[in-house]
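Engineer: Here is my input; please provide its structure:
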Amino acid sequence: MIVDIHNHILYELDDGPQNQDETILLAKQAVASGISHVIATPHHKHLHNDHFYENDPSTIIFMVEKVNQILKENEIPLTVYPGIEFHLHENIQFDIENNLEHFLTLNNTGKYLLIELPCHYYPSYTEEVLYELQKKGFVPILAHPERNKVLRKNPSKIFDMVQHGILVQITAGSITGSHGRRLKNFSLHLLDHNLVHFVASDAHHHSRRKFELIHSYEYIEKYYSPNYRNFLEANTIHVLEGTDFKVTEPIIIGKKWQYFFR
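Structural biologist: Prediction:
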């Protein structure tokens, strides 16, 4: 079982597929790459260019059921599960206190919650929000922190969050290098220091932003170890099933090795 815990395979919900045919093509690409299960994570409370994406859990669950039926009718052996990519927006603390039902967990198990940071700045309330979500019973997963320019210069922040039980998901293309050398270098730093718990595709399109998950696993197996690959693969199954797993002890990135000196 190969599980992808972060992607945008549902159509007409965000900047992923814009119609049913594009979802089918993306699903076929996932299967061809070796993926069998995906947790769909449409954007929520996310401003992207001129579009503001806001997807409530009921809409996502409905679309997951619809897409699974489409895949079945087209004999595509891929199973889709519900999830959400919740953006760390300026009013998120209000939502935690008043709209907690909007926080759809991965596969709706009530446990793992995918949280996305802005790319160009680091909100001062980040840790407070993540730790408050923990108090509510969630396990936050930080989506693609390698994209955040503040965290790239201050990886100790990631270490501190992991020490407090926050989990980290790196994008597959950041590891393989398809998203650029800068993100690859930093992602490898995080892998070197046991600060990665999941790899996911963040796939949006069948040709432009594909499911690269298997290629990233192959890279990790070749340049790190088969055990590291197995650890990351197994963790995604725990997310799908809503079960606990043991985290490898993180190693702090010393200043002389920090990303901006490379």
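Engineer: from here on, contacts and neighbour counts on C-alpha atoms
Structural biologist: Noted.
Engineer: Compute the number of surrounding residues for residue 219.
Structural biologist: 16 (other Cα atoms under 10 Å).
Engineer: is it true that it touches residue 174?
Structural biologist: No: applying Cα atoms under 8 Å as the test, residue 219 and residue 174 come out as separate, 11.3 Å apart.
Engineer: where along this protein do the strands fall?
Structural biologist: For the chain, strands defined by DSSP state E occupy the ranges 3-7, 37-40, 43-44, 46-48, 51-53, 79-82, 85-87, 112-116, 139-143, 167-171, 198-200.
Engineer: Give the rounded mean pLDDT of the third one.
Structural biologist: Average pLDDT, strand 43-44: 91.
Engineer: what packs against it?
Structural biologist: For strand 43-44, the packing partners by 3 or more Cα pairs under 8 Å, 6 or more residues apart in numbering; DSSP states H and E come out as strand 85-87.
Engineer: How about residues contacting the strand it packs on?
Structural biologist: Residues from elsewhere that reach strand 85-87, judged by Cα atoms under 8 Å, 6 or more residues apart in numbering: 6, 41-46, 103, 114-118.
Engineer: Between all of those, which two are at the greatest distance?
Structural biologist: Within those, two members stand farthest from each other by Cα to Cα: 103 and 118, at 17.7 Å.
Engineer: Between these two, point out the one with more neighbours.
Structural biologist: residue 103 (23 against 16).
Engineer: next one: phi and psi at that one?
Structural biologist: The phi/psi pair for residue 103 (degrees, to the nearest 10) reads phi -80, psi 80.
Engineer: cool, residue 110 as well?
Structural biologist: Dihedral angles for residue 110 - degrees, to the nearest 10 - are phi 80, psi 10.
Engineer: so how far is residue 243 from it?
Structural biologist: 10 Å (Cα to Cα, to the nearest Å).
Engineer: And residue 70, by the same measure?
Structural biologist: 29 Å.
Engineer: out of the two, which sits in the busier spot?
Structural biologist: Neighbour totals were compared for residue 70 and residue 243, and residue 70 leads with 16 against 12 (other Cα under 10 Å).
Engineer: Check the gap between the more buried one and residue 180 for me.
Structural biologist: 35 Å.
Engineer: What of residue 11?
Structural biologist: 27 Å.
Engineer: do the same with residue 8
Structural biologist: Taking Cα to Cα, one finds residue 8 at 21 Å from residue 180.
Engineer: Have a look at those two and say which one is more surrounded.
Structural biologist: residue 8 (27 against 12).
Engineer: The more buried one: what's it in contact with?
Structural biologist: 14, 15, 16, 17, 40, 41, 42, 202, 203, 204.
Engineer: low-scoring stretches of the chain, by residue?
Structural biologist: 48-49, 255-262 (pLDDT under 70).
Engineer: Do a quick rundown of the helices in it.
Structural biologist: Secondary structure of the chain (DSSP state H): helices located at 20-33, 57-73, 92-98, 126-135, 149-153, 156-163, 172-176, 181-192, 213-223, 226-241.
Engineer: Quick one: list the elements packing against the longest one.
Structural biologist: Yep, that's helix 57-73 we're talking about. strand 79-82.
Engineer: Report the distance from the strand it packs on to the chain centre.
Structural biologist: 14 Å (Cα atoms, centre = their mean, to the nearest Å).
Engineer: Check which strands are paired with it and give the direction for each one.
Structural biologist: Strands that pair with strand 79-82, judged by DSSP bridges, come out as strand 37-40 (parallel).
Engineer: tell me which residues of the strand it pairs with are tucked away?
Structural biologist: The neighbour-count check on strand 37-40 (16 or more other Cα atoms under 10 Å) flags 37, 38, 39, 40 as buried.
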